[in-house]
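> Just need the structure, nothing else, for what follows:
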Amino acid sequence: MSVNTANSDAPATGITAALTLLLATACGMIVANLYYAQPLAGPIGAALGLSQAATGLIVTLTQIGYGLGLLLIVPLADIVENRRLLVACVGCSCLALVAAAVSTSSATFLASSLIIGLCCVAAQIIVPYASYMAPDATRGRVVGNVMSGLMFGIMLARPIASFIAEVASWRLVFVLSAAGMAGLALTLRLILPVRAPRAGLTYGQLLGSMGHLVLTTPILRRRSLYQACLFGTFSLFWTTVPLLLAGPVFHLSQAGIGLFALAGVAGAISAPIAGRVADRGWIKPASYVAILTVAAGLLLSRFTLDGSTVALLLLTFAAILIDFGTTANLTLGQRAIFSLAPELRGRLNGLFIAALFVGGALGSAVGGWAYAEGGWPLASGIGLVMPLVAFLYALTDRTKSETS
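Residues are numbered from 1 along each chain as shown. Below you'll find the predicted structure:
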């Protein structure tokens, strides 16, 4: 049975370990839907008659849907009862996944991809939802634990999709995910406590307030730039490193590349660590460490071009460093913005993740171009610039607040 909670102004009484685990698992399951199609774009395009040029739309439309959802759906968490909003998003994603699985035309599949991306923003409703239930002293730890689930979902989605498609069919990936979403929607409906915000705003007023938040919230702007730079590097790395691994330097098979991606999952352990550090009031120095960790990973990756076993191990360690630093800084950033007015958390998180998403999209696009033009030296060099820009900007922060 669900338990009614008070509105967003009520003091947090705590969140159980079991509920935290449920929310972390839900985040991972939901966000994975954004990434299943990426390694399957070729087979899907061939099955549906898409040209090679148009195949890129499979991933692009999912990303466009997610970006729209961050700005149009996530802010609703500030005015709509949160459990109902979550269940609606997860339920719609289930229907969209079924439509994708049974699609016989490219138009149907692409429309489903857009809706899948739109509904996947449920993961970004869960994170502030968890923060409402956590008291201030442990909010960072709770957010970090939930974010670890999200990062596991991001990193595991591609290899899982590749392995399922290799032994069965790409359609089975979407069927299984749809079944998972149906079960998750029912579980969330039965278990999650109600959270009914008090904000007396219309939807138009809610969206109109977001520009004002950007202009008047320095912490949001600062943390957004940090994370846009780091996620840009993260996306550049994971877009181009499969090309390096499959190329003449390492000659890895698709299965080998999948195993390499699994190694990067180790970086997700940084989320709960960063959350605990943030609860101690060390957000600023921890951010420096996280940013420099990403830079170190890119720098290390530049010394892995001889194709040896040692080079592959160094590249794997570089991947872990990049994932570790990116995830840690994401948790630190959300802990910082969630320390602001509780009634704004939905909008603040939507704007923050939208900035991250823009950085990631740019990183992927630039990475593909750079690898085609100058190989790994150019791609990794550009990737190294982004965390250095973030670090230089971080040095301009003169505030002493733990929320910086």
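> Show me what the helix or strand residue 108 falls within is packed up against.
With the criterion set as DSSP states H and E, the secondary-structure element containing residue 108 is helix 106-119. Where contact means 3 or more C-beta pairs under 8 Å, 6 or more residues apart in numbering; DSSP states H and E, helix 106-119 is packed against helix 41-48, helix 57-72, helix 82-101. All C-beta atoms are positioned from the backbone trio N, CA, C, and that covers glycine.
> The last one: which residues count as buried?
The neighbour-count check on helix 82-101 (16 or more other C-beta atoms under 10 Å) flags 82-83, 85-101 as buried.
> same question, the first one
Buried residues in helix 41-48, counted by 16+ other C-beta under 10 Å: 41, 44-45, 47-48.
> Let me know the closest of these to residue 349.
Distance to residue 349, by C-beta to C-beta, is smallest for residue 41 among the buried residues of helix 41-48, at 29.0 Å.
> The closest one reaches residue 54, doesn't it?
No - under the criterion of C-beta atoms under 8 Å, residue 41 makes no contact with residue 54, lying 10.3 Å away.
> returning to what we had before: what are the buried residues along the helix holding residue 108?
Within helix 106-119, the residues that qualify as buried by neighbour count (16+ other C-beta under 10 Å) are 106, 109-119.
> Could you export the residues you listed as TSV, including pLDDT and distance to residue 275?
Converted to TSV, those look like this (pLDDT from 0 to 100; distance: C-beta to C-beta, whole Å):
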residue	pLDDT	distance to residue 275
106	91	42
109	94	38
110	93	38
111	95	38
112	96	35
113	94	32
114	94	33
115	96	32
116	96	29
117	94	27
118	95	28
119	96	26
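> Would you mind giving these as TSV with distance to residue 191 added?
Supplementary listing: the buried residues of helix 106-119 in TSV, determined by distance: C-beta to C-beta, whole Å:
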residue	distance to residue 191
106	38
109	33
110	34
111	32
112	28
113	30
114	30
115	25
116	24
117	26
118	24
119	20
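> which one of the residues you listed sits closest to residue 66?
Ranking these by separation from residue 66, with C-beta to C-beta as the measure, puts residue 117 on top at 4.0 Å.
> What are the buried residues along stretch 173-183?
173-178, 180-182.
> What are the structural domain limits within this protein?
The chain breaks down into these domains under automatic domain parsing: 12-197, 209-404.
> could I get the ones you listed as a markdown table with distance to residue 203?
Output for those, formatted as a markdown table (distance: least, C-beta to C-beta, whole Å):
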| stretch | distance to residue 203 |
| --- | --- |
| domain 12-197 | 7 |
| domain 209-404 | 11 |
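> on that earlier part again, could you give the separation of the helix holding residue 108 from the chain centroid?
Helix 106-119 has its average C-alpha position 19 Å from the chain's average C-alpha position, going by C-alpha atoms, centre = their mean, to the nearest Å.
> what's the angle between it and helix 57-72?
Angle, helix 106-119 to helix 57-72, by axes from the mean of the first three to the mean of the last three C-alpha atoms, to 10 degrees: 30 degrees.
> Just the CA trace of helix 106-119, in CSV.
Backbone C-alpha positions of helix 106-119 (Å, rounded to 0.1, in the frame of the first residue of the first chain) are rendered in CSV as follows:
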residue,chain,number,x,y,z
SER,A,106,10.4,3.0,-40.6
ALA,A,107,7.8,5.8,-39.9
THR,A,108,6.2,3.8,-37.1
PHE,A,109,9.6,2.9,-35.5
LEU,A,110,10.9,6.4,-35.7
ALA,A,111,7.7,7.8,-34.1
SER,A,112,8.1,5.2,-31.4
SER,A,113,11.7,6.3,-30.8
LEU,A,114,10.6,9.9,-30.3
ILE,A,115,8.0,8.8,-27.7
ILE,A,116,10.5,6.5,-25.9
GLY,A,117,12.9,9.4,-25.5
LEU,A,118,10.1,11.7,-24.3
CYS,A,119,9.0,9.2,-21.6
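> Who are the packing partners of whatever helix or strand comes next after that helix?
Reading on from helix 106-119 to the C-terminus, the next helix or strand found by DSSP H and E is helix 122-133. Contacts defined by 3+ C-beta pairs under 8 Å, 6+ apart place helix 122-133 against helix 17-32, helix 82-101, helix 139-167, helix 345-394.
> Looking at those helices, spot the one closest to residue 245.
Ranking these by distance to residue 245, with C-beta to C-beta as the measure, places helix 345-394 first at 10.3 Å.
> Quick one: mean pLDDT over that closest one.
Taken as a whole, helix 345-394 carries a mean pLDDT of 91.
> and if you look at stretch 82-96?
Model confidence over stretch 82-96 averages 96 on the pLDDT scale.
> so who does residue 188 touch?
22, 26, 83, 86-87, 90 (C-beta atoms under 8 Å, 6 or more residues apart in numbering).
> Could you list the single helix or strand in the protein with the lowest mean pLDDT?
helix 52-55 (a mean of 70; mean pLDDT, DSSP states H and E).
> what's around the nearest residue in space to residue 83 that is not next to it in sequence, how many residues?
Nearest residue to residue 83, sequence neighbours excluded (C-beta to C-beta, 6 or more residues apart in numbering): residue 192, at 4.6 Å. When neighbours are counted by other C-beta atoms under 10 Å, residue 192 registers 23.
> Tell me who's in contact with residue 192.
Contacts for residue 192 (C-beta under 8 Å, 6+ apart) come out as 2, 19, 22, 82-83, 86.
> Spell out the secondary structure type for the nearest residue to residue 251 once chain neighbours are set aside.
What sits nearest to residue 251 in space, not counting adjacent residues and going by C-beta to C-beta, 6+ apart, is residue 307, at 7.8 Å. Classification of residue 307 by DSSP: H, G, I helix; E, B strand; the rest coil places it in coil.
> Correct me if wrong: residue 307 contacts residue 245.
No - at 10.3 Å, residue 307 and residue 245 do not qualify as touching, with contact defined as C-beta under 8 Å.
> So for the two, which sits in the more crowded spot?
Neighbour count, other C-beta under 10 Å: between residue 307 and residue 245, residue 245 has more, with 19 against 13.
> tell me which element that one is part of?
Using DSSP H and E, residue 245 maps to helix 218-246.
> other SSEs contacting that helix?
With contacts defined as 3+ C-beta pairs under 8 Å, 6+ apart, helix 218-246 has these neighbours: helix 203-216, helix 254-264, helix 283-301, helix 309-337, helix 345-394.
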